[in-house]
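Undergrad: Quick one, fold the following:
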Amino acid sequence: MADFKITLILGTELAGIRNLIDQLEGLHFGILINSLRWESQIEGEKRKKEYYKSIKENVIKINKRIKDFNILLKRAFDTKYYTFRKLEQIKLSSLDKIIKEHRGEFPRNKKEESYIKYVMAEDSSPSSLARKHTSVLLSNALLPTKLSISNFAKGFDKLYEPFGDYNSLNIRSKTINDITKAEVCYTNGLAEEAVFILGRTVERLSIDCLKHLKKLGRVNKTYSEIDELNFENSINLLSSPKIKVFRKDQKPKALALKWDRNIYGHKRSSPSKMKEKDMDSMIKIGINIIERLEKKLRS
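TA: Residues are numbered from 1 along each chain as shown. Reported below is the predicted structural model:
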């Protein structure tokens, strides 16, 4: 997702496509299906053509919306990082085949008799059963499209997942701005830059935290000495037995974030790029460390 505007457009379009499909099912497969009744074969063929024509006009509109949605999706996301699958268009050929094969009566047999009476209602006529059967087949033909919409929506919801549900009320505005910058980078397909920004933020907060602890008399170094500390030394000091801002299991994670930050901050020296899942993991670690340091700064 490139930005909030794109997010809003995609969400609105997705809801619009869903509504059109619901209308198609409710009106054409529910109400207008009753037009498929006739007295002669000639009349039947005419009614089926008219019914298909009405459906076709609506499906063309839906498929046009889906096509436009897929084009926008491709432009909004960097496929290098995101693997959203396109929405499936409705296959008119499948609907056409189902309608052409519709018969005026649903052929009953003894095995189906009890089931039909239970599901379709005991007094259903053969013609009514045929229409209900065709309606079910038409709805089933929409399943690939409906499933693709459902799968996209699930992936869409997880797009910001690496950033989690951190409590912005417990984080200072300057740090929130840094997280927002990282989030914008991530949603534009720049996950590496997001890791870099979070690493720089952790580095800044480490120094701020040490200065805060200096005021509390828990750090022996001078303010000038604290300012001169590099990322690794500040993390080591915050992990020392006397201070214990980081537990033993947290220190390696913080140092790993420092290493990845350096790689993404100097791409020419980068031997290789991390996989997306690794970058997501580092982003989660970065957010957790930031929250921990911000909490310490409030103590």
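Undergrad: in what helix or strand does I60 lie?
TA: Element membership for I60 (DSSP states H and E) is helix 41-76.
Undergrad: on contacts alone, who are the packing partners of that helix?
TA: Applying 3 or more C-beta pairs under 8 Å, 6 or more residues apart in numbering; DSSP states H and E, one finds that helix 41-76 contacts helix 4-23, helix 92-100. Every C-beta, even on glycine, is put in place using the N, C-alpha and C of the backbone.
Undergrad: tell me the domain ranges of the protein?
TA: Using automatic domain parsing, the domain parsing of the chain gives 4-157, 161-298.
Undergrad: quick one: average pLDDT of the longest one?
TA: When pLDDT is averaged along domain 4-157, the result is 80.
Undergrad: what about K221, how many neighbours?
TA: Neighbours of K221 under the rule other C-beta atoms under 10 Å: 15.
Undergrad: err, L210, not the other one
TA: Applying the criterion other C-beta under 10 Å, we find 24 residues in the vicinity of L210.
Undergrad: element containing it?
TA: Remark: L210 resides in helix 191-215, with elements defined by DSSP H and E.
Undergrad: Counting by contacts, list what that helix packs against.
TA: The contact analysis (3+ C-beta pairs under 8 Å, 6+ apart) places helix 191-215 against helix 173-187, helix 223-227, helix 231-238, helix 251-265, helix 276-298.
Undergrad: Pull out the buried residues from the first one.
TA: It stands for helix 173-187. T175, D178, I179, K181, A182, E183, V184, C185, Y186, T187 (16 or more other C-beta atoms under 10 Å).
Undergrad: and what of the third one?
TA: Burial within helix 231-238, assessed by neighbour count using 16+ other C-beta under 10 Å, is assigned to F231, S234, I235, L237, L238.
Undergrad: Cross-check the contact I'm expecting between the third one and L205.
TA: No - with contacts counted by C-beta atoms under 8 Å, I235 stays clear of L205, the gap being 10.9 Å.
Undergrad: Now for those two: what residues contact both?
TA: By the contact definition C-beta atoms under 8 Å, 6 or more residues apart in numbering, I235 and L205 are jointly contacted by no residue.
Undergrad: Any figure for the gap between K251 and R218?
TA: When distances are taken as C-beta to C-beta, to the nearest Å, K251 and R218 turn out to be 18 Å apart.
Undergrad: on that earlier part again, output the buried residues of helix 173-187 as JSON lines; include the columns distance to H212 and pLDDT.
TA: Supplementary listing: those in JSON lines, determined by distance: C-beta to C-beta, whole Å; pLDDT from 0 to 100:
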{"residue": "T175", "distance to H212": "14", "pLDDT": "93"}
{"residue": "D178", "distance to H212": "18", "pLDDT": "91"}
{"residue": "I179", "distance to H212": "20", "pLDDT": "90"}
{"residue": "K181", "distance to H212": "23", "pLDDT": "86"}
{"residue": "A182", "distance to H212": "23", "pLDDT": "87"}
{"residue": "E183", "distance to H212": "26", "pLDDT": "82"}
{"residue": "V184", "distance to H212": "29", "pLDDT": "74"}
{"residue": "C185", "distance to H212": "28", "pLDDT": "79"}
{"residue": "Y186", "distance to H212": "29", "pLDDT": "78"}
{"residue": "T187", "distance to H212": "32", "pLDDT": "68"}
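Undergrad: Good, we can wrap up now.
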